[in-house]
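Novice: Here is a sequence with its predicted model. Questions after.
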Amino acid sequence: MKKLFYALYALFFNISRKLFPIKQNRIAFVAPHNGGDADSLGTLRTYAEKKGGFDIVTISTTDLHLDFSGVGALVSSVFKAIGFFTVKAKALATSKYVFLNDNFMPMASLRFSPKAVITQLWHAEGAFKKFGLSAPLTDDVREREKKCSEKLTYIVCSSRNVAPIYAEAFGVVESKILPLGSPRTDSLLREQNVQKLREDFDKRHPECKGKKLVLYAPTFRDDPETDKNLVKKIDVEAFKRELGSEYALLIKLHPQIHSGNSVSGTVDVTKGHNITDLTLISDMLITDYSSVCMDFALLSKPCIFFAFDLESYEKERSFYFDYESYVPGPVVRDFSSVIEAIKNPRNSKDKLRSFRDFNFDYIDCNNTERIFNRIISANPQ
């Protein structure tokens with residue numbers, strides 16, 4: 001079915017390329033798996049909107065989600081899905097500038113104008129677990145990702161140190177990699193009213209008022225059943241007994257995790273809270289193999305790595321570096337050790353700083369401007 005969708009999209013795109021000229025001021029922002037509102041894609045889009053003078057188009061696969069809540073909603077969502085394959089395909093085909101935050105699989109069959117400037121912003125910073133062509137893939141997916149990468153003009157990363165890794169992951173020459181920084185981290189480093197963010201959070205979750213916030217944000221495992229059981233690794237009663245008077249436990253599941261019910265005794269922030277705000281107000285992170293640790297390291301906030309299935313995960317996905325020596329915090333295998341690490345934190349400042357400096361060249365708020373100037377201003381309309 002996916003191949004049929006890819007072919008249908010490519011048909012409308014390639015016909016549009018032949019029939020309509022490229023629009024020199026059109027920028028297409030393509031979000032294959034999410035809307036990109038709070039990530040690098042959304043940050044750059046907002047910047048371009050403020051600059052003005054551009055015809056901006058957002059293309060998101062959320063347009064393909066059918067709404068069965070009522071007849072009117074269903075009809076509306078069907079028309080939106082049709083528009084994704086027609087109107088939006090035409091808009092992409094006639095864009096001078098194209099930015100993505102992930103692999104857009106139909107791109108393998110798209111014949112872009114040689115005048116188009118296509119940039120992969122990616123949705124994570126630095127280098128941690130293997131991704132793209134470095135990760136295990138089926139032959140069909142690997143071939144499609146290679147063809148997608150062939151269309152890219154540039155790939156943005158956060159550090160010169162990780163540029164060779166990105167070149168490998170996308171199967172391109174290293175000269176295509178631009179270590180300009182990640183737009184989404186600008187909002188993390190920009191001066192913010194964190195106190196107001198926390199007050200707003202406490203209004204929504206009064207049970208957290210006066211407590212330190214511990215954010216548990218695991219990544220997905222490519223297996224729905226395993227994903228559903230991730231939260232079962234948390235011993236809520238032990239957390240409440242040992243830490244409940246001082247800490248509140250927040251749970252933010254990865255968008256690709258299809259979990260069951262929320263866990264009683266914790267605060268489910270999976271929906272309705274963006275990760276940037278949660279990072280700013282949280283005092284500590286518990287994760288496993290998620291790149292959210294990059295954000296906490298950037299802000300020099302403590303991280304605990306709850307890697308209860310490290311051996312099996314390494315066999316399936318693996319990392320670019322030795323996990324236990326690379327991550328910027330203690331690695332623990334059971335939840336009692338998580339509690340102990342919170343109660344008796346180790347001094348990981350040097351490890352945090354080393355990890356941050358390796359993965360980020362720029363600790364400022366100018367990444368979006370750098371990218372805009374290098375890619376749009378340097379390739380004038």
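Specialist: Now that the structure is in, tell me what you want to look at.

Novice: Tell me which residues of stretch 75-85 come out buried.
Specialist: Neighbour-count burial for stretch 75-85, counted by 16 or more other Cβ atoms under 10 Å, picks out 77, 80, 84-85. No exception for glycine: its C-beta is placed from N, CA and C like everyone else's.

Novice: would you turn those into CSV with distance to A124, pLDDT and secondary structure?
Specialist: What follows is those, written out as CSV (distance: Cβ to Cβ, whole Å; pLDDT from 0 to 100; DSSP: H, G, I helix; E, B strand; the rest coil):
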residue, distance to A124, pLDDT, secondary structure
S77, 30, 92, helix
K80, 28, 92, helix
F84, 25, 94, helix
F85, 29, 95, helix
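
Novice: Each with direction, which strands does the top strand by length along the chain pair with?
Specialist: Counting residues, the longest strand found in the chain (DSSP state E) is strand 23-31. Looking at strand 23-31 with DSSP bridges, its partner strands are strand 55-60 (parallel), strand 95-100 (parallel).

Novice: who's in contact with whichever helix or strand comes after that strand?
Specialist: Going down the chain from strand 23-31, the next helix or strand is helix 40-51, by DSSP states H and E. Residues from elsewhere that reach helix 40-51, judged by Cβ atoms under 8 Å, 6 or more residues apart in numbering: 27, 29-31, 35-36, 54, 56, 58, 99-101, 121-123, 156, 182-184, 186-187, 368-369, 371-372, 376.

Novice: sorry, back to before: so of the strands paired with strand 23-31, which one's packed in deepest?
Specialist: The highest average neighbour count among the strands paired with strand 23-31, using mean count of other Cβ atoms under 10 Å, belongs to strand 95-100 at a mean of 25.

Novice: Relative to the whole chain's centre, how far out is it?
Specialist: Strand 95-100 sits 19 Å away from the centroid of its parent chain (Cα atoms, centre = their mean, to the nearest Å).

Novice: follow-up on the earlier one: make CSV out of the buried residues of stretch 75-85 and add distance to R45.
Specialist: Formatted as CSV, these follow (distance: Cβ to Cβ, whole Å):
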residue, distance to R45
S77, 23
K80, 19
F84, 18
F85, 22
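
Novice: From the residues you listed, pick the one nearest K129.
Specialist: The nearest member of these to K129, counting by Cβ to Cβ, is F84 at 30.3 Å.

Novice: what's the nearest residue to that closest one if we skip its chain neighbours?
Specialist: D63 (4.2 Å; Cβ to Cβ, 6 or more residues apart in numbering).

Novice: what's the neighbour count on that neighbour?
Specialist: Using other Cβ atoms under 10 Å, D63 has 18 neighbouring residues.

Novice: So it is in contact with V87, correct?
Specialist: No - using Cβ atoms under 8 Å, D63 is not in contact with V87, being 10.0 Å away.

Novice: rewinding a little: and the longest strand of the chain with helix 40-51, angle?
Specialist: Taking axes from the mean of the first three to the mean of the last three Cα atoms, to 10 degrees, strand 23-31 and helix 40-51 form an angle of 150 degrees between their directions.

Novice: contact partners of strand 23-31?
Specialist: Strand 23-31 has contacts (Cβ under 8 Å, 6+ apart) with 36, 41-42, 44-45, 48, 53-62, 91-92, 94-102, 104, 376, 381.

Novice: With just CA atoms, put stretch 168-185 into PDB.
Specialist: Extracted C-alpha coordinates of stretch 168-185, given in PDB (Å, rounded to 0.1, in the frame of the first residue of the first chain):
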ATOM      1  CA  GLU A 168      27.700   8.100   6.500                       C
ATOM      2  CA  ALA A 169      24.100   8.000   7.700                       C
ATOM      3  CA  PHE A 170      22.800   9.800   4.600                       C
ATOM      4  CA  GLY A 171      25.300   8.200   2.100                       C
ATOM      5  CA  VAL A 172      26.600  11.500   0.800                       C
ATOM      6  CA  VAL A 173      29.900  13.300   0.400                       C
ATOM      7  CA  GLU A 174      30.900  15.200   3.500                       C
ATOM      8  CA  SER A 175      31.000  18.500   1.700                       C
ATOM      9  CA  LYS A 176      27.200  18.400   1.700                       C
ATOM     10  CA  ILE A 177      27.100  18.500   5.500                       C
ATOM     11  CA  LEU A 178      26.800  21.900   7.100                       C
ATOM     12  CA  PRO A 179      27.600  22.100  10.800                       C
ATOM     13  CA  LEU A 180      25.500  25.200  11.400                       C
ATOM     14  CA  GLY A 181      23.600  24.100  14.500                       C
ATOM     15  CA  SER A 182      20.000  23.200  15.100                       C
ATOM     16  CA  PRO A 183      17.300  25.800  14.900                       C
ATOM     17  CA  ARG A 184      15.200  24.100  17.600                       C
ATOM     18  CA  THR A 185      18.000  24.600  20.200                       C
END
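
Novice: This completes my enquiry, with thanks.
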